[in-house]
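Enquirer: Pasting a predicted model and its sequence here:
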Amino acid sequence: MSRLLAPLTRAVTYTRWLHLLVGAIIALVCGAVYPGLTRPGYVQWVLMLLIPVPLLLAAAVIPVVRRAEGLQARLMLFPGAHARVEGGSGPREAGVSVAPSASWRDRGRTAVWLVLRLWAGCAVAFVTGQLMALALELVDATSGGPVEAESLIPVPGHGWAYALLVPVPPLVLLGLVAFAGRLMASAALGLLGPSAAERLAALEERTEQLLERNRIARELHDSIGHALTVAVVQAGAARAAADPAFTDRALDAIEETGRAALEDLERVLLVLRESGQPASRRPTLTEADRLLDSARASGAEVDAEVLGALDTVPGPVSREGYRILQEALTNVLRHSGTVPIRVAVTVDDARLWLDVRNPLPAGAPVNGRGSGGSGSGLRGIRERAALLGGRARTGPDEGQWRVHVELPLG
């Protein structure tokens, strides 16, 4: 019983009722001009249903009409904050587009919707008038006063027994309104739903969001992972060396690396919060010395060679190149320790080459697992290279672990 009466307590039932009645306004306005609203008969009702149709078809051609209808449908046909329904607004409401018509197919669906709303509104308006008139006639019959026959259902005679029937027409009306409102909500999803172009645009936007989230995840992995790896290696080396001067250098390197990681973390959090504040600049290959010095401070012997002008490398390539070099050095320190590292960075007119080599640890498997790693770090290097149209090769090469990356500059 409670489930049957639940629609009567929901505000959305009444907003849908209002939405249906508003759809009949144009018919009533046209009917007031012709053929008139003084006790209309069946012929007059049919004319009121048909005369506004050309006007609605013409309105449907205007692109913004679809937007207006979509906004009304979202507000009045679907449970929202106004509806006192748990889990109100959600995917169903979002299934109604609020974009203007972009094609003749959209205009055609809008035209069908307008005509459907007109006819459904007139039907609900007619039923509402009839059932409310019947309720008033039952009240008159109960009180013994004269019964004015406004409804199509006659009320014979008078008597207190009619008092029991007075609530029936309003309850029937509310039940019919709730049912009609659900039907109109379903029709809105079909006729005012996103077009194929809008669904494609939404899918592309979602893809861009996922790509951005993956990029941010790689940024955090590379930056924070590098900082933690350097800190662990330097702390272990300082403990083993038992040299105050070396310990001071290690602490300085840990402080500098940690500060850089905090700057990267703050920049990423600014992007995630969308605070409107400009995010700090991402590091580029022109700051590669910071990575090399950090690795040297960890105790590793780093031999670096740079050929070409790093400041001529385009921004996106330079930023991704910095992260690739950072991850390659992090993998060496994490999996091989403070071993000699050879870094070569070469720039010409068309490409950027990054080459990082280090000896394989004694007893490392032939496939290199356990030395250079095979997890998300190396996968991130390959993904970064692929996104820029380049390629990356990682693996053992003549007794060494090698990361070789080629990135196009244009």
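Expert: Everything's here; your move. Keep in mind that this is a model prediction, so the values were computed, not measured. Residues are numbered from 1 along each chain as shown.
Enquirer: How much space separates residue 357 from residue 394?
Expert: 11 Å (Cβ to Cβ, to the nearest Å). For the C-beta atoms, the positions are set from N, CA and C on the backbone; glycine is no exception.
Enquirer: Repeat that for residue 132.
Expert: Separation of residue 132 from residue 394 (Cβ to Cβ) stands at 78 Å.
Enquirer: which of those two has more neighbours?
Expert: Set side by side, residue 132 and residue 394 show more neighbours around residue 394, with 22 against 15, by other Cβ atoms under 10 Å.
Enquirer: From the chain's centroid, how far away is the host helix or strand of the more buried one?
Expert: Secondary structure from DSSP states H and E places residue 394 in strand 391-397. Relative to its chain's centre, strand 391-397 lies at 37 Å (Cα atoms, centre = their mean, to the nearest Å).
Enquirer: What's the mean pLDDT across the helix or strand that that strand is followed by?
Expert: If you walk from strand 391-397 toward the C-terminus, the next helix or strand you reach (DSSP H and E) is strand 400-408. Regarding strand 400-408, the rounded mean pLDDT is 92.
Enquirer: do the same with stretch 115-129
Expert: In the prediction, stretch 115-129 has an average pLDDT of 93.
Enquirer: For it, which outside residues touch it?
Expert: For stretch 115-129, contacts defined as Cβ atoms under 8 Å, 6 or more residues apart in numbering pick out 17, 20-28, 45, 48-49, 52-53, 56-57, 69, 173, 176-177, 180, 183-184, 187, 191.
Enquirer: Repeat the analysis, applying 7 Å as the threshold.
Expert: Stretch 115-129 is contacted by residues 20-24, 26-27, 48-49, 52-53, 56, 173, 176-177, 180, 184, 187 when judged by Cβ atoms under 7 Å, 6 or more residues apart in numbering.
Enquirer: for stretch 304-314, same thing?
Expert: 285, 286, 292, 321, 343, 344, 345, 346, 347, 348, 352, 409.
Enquirer: Among those, name the buried ones.
Expert: 285, 292, 321, 343, 345, 347, 352, 409 (16 or more other Cβ atoms under 10 Å).
Enquirer: CSV please, covering the residues you listed and showing secondary structure and distance to residue 163.
Expert: CSV is the format used below for the buried ones among the contacts of stretch 304-314 (DSSP: H, G, I helix; E, B strand; the rest coil; distance: Cβ to Cβ, whole Å):
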residue, secondary structure, distance to residue 163
285, helix, 89
292, helix, 94
321, helix, 86
343, strand, 95
345, strand, 94
347, strand, 94
352, strand, 90
409, coil, 89
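Enquirer: Low-confidence regions, the stretch 301-410 of the chain specifically.
Expert: Applying pLDDT under 70 to the stretch 301-410 of the chain picks out residues 362-376.
Enquirer: Let's see that with 50 instead.
Expert: For the stretch 301-410 of the chain, the stretches with pLDDT under 50 are 366-374.
Enquirer: mind checking how far the residue most central in space within the chain is from residue 20?
Expert: Nearest residue to the geometric centre of the chain (Cα atoms, centre = their mean): residue 206, 5.8 Å. Using Cβ to Cβ, we find residue 206 at a distance of 34 Å from residue 20.
Enquirer: Could you pull out the strands in the stretch 151-300 of the chain for me?
Expert: Here the stretch 151-300 of the chain has no strands by DSSP state E, counting those that start in this stretch.
Enquirer: which stretches of it form helices?
Expert: All helices of the stretch 151-300 of the chain, identified by DSSP state H, counting those that start in this stretch, fall at 168-191, 196-241, 244-273, 288-297.
Enquirer: For the first one, enumerate the helices and strands it packs against.
Expert: What it means is helix 168-191. The helices and strands touching helix 168-191, judged by 3 or more Cβ pairs under 7 Å, 6 or more residues apart in numbering; DSSP states H and E, are helix 11-23, helix 63-77, helix 104-143.
Enquirer: Looking at these, spot the one closest to residue 333.
Expert: helix 63-77 (54.5 Å; Cβ to Cβ).
Enquirer: Buried residues of the closest one, list them for me.
Expert: Neighbour-count burial for helix 63-77 flags 65, 66, 67, 69, 70, 72, 73, 74, 76, 77 (criterion: 16+ other Cβ under 10 Å).
Enquirer: Mind picking the one among those residues that's closest to residue 137?
Expert: Checking these against residue 137 with Cβ to Cβ, the nearest one is residue 76 at 30.7 Å.
Enquirer: Just the pLDDT at the closest one, thanks.
Expert: For residue 76, the predicted pLDDT is 90.
Enquirer: circling back to that earlier point, which of the contacts of stretch 304-314 lies closest to residue 333?
Expert: For the contacts of stretch 304-314, the nearest to residue 333 is residue 292 (12.2 Å; Cβ to Cβ).
Enquirer: does the closest one really touch residue 301, like I thought?
Expert: No: contact criterion Cβ atoms under 7 Å: residue 292 and residue 301 do not qualify, at 11.0 Å.
Enquirer: Residue 285 against residue 322, yeah?
Expert: Yes: because the distance of 5.1 Å satisfies Cβ under 7 Å, residue 285 is recorded as touching residue 322.
Enquirer: What's the separation between residue 323 and residue 31?
Expert: From residue 323 to residue 31 the distance is 70 Å (Cβ to Cβ).
Enquirer: err, residue 317, not the other one
Expert: In terms of Cβ to Cβ, residue 317 sits 69 Å off from residue 31.
Enquirer: and what of residue 302?
Expert: 88 Å.
Enquirer: and residue 226, what pLDDT?
Expert: Residue 226 is assigned 68 on the pLDDT scale.
Enquirer: State whether residue 344 is indeed within a strand.
Expert: Yes: assessed with DSSP: H, G, I helix; E, B strand; the rest coil, residue 344 lies in a strand.
Enquirer: how long is stretch 332-346 from one end to the other?
Expert: The first and last residues of stretch 332-346 sit 20 Å apart, counting by Cα to Cα, to the nearest Å.
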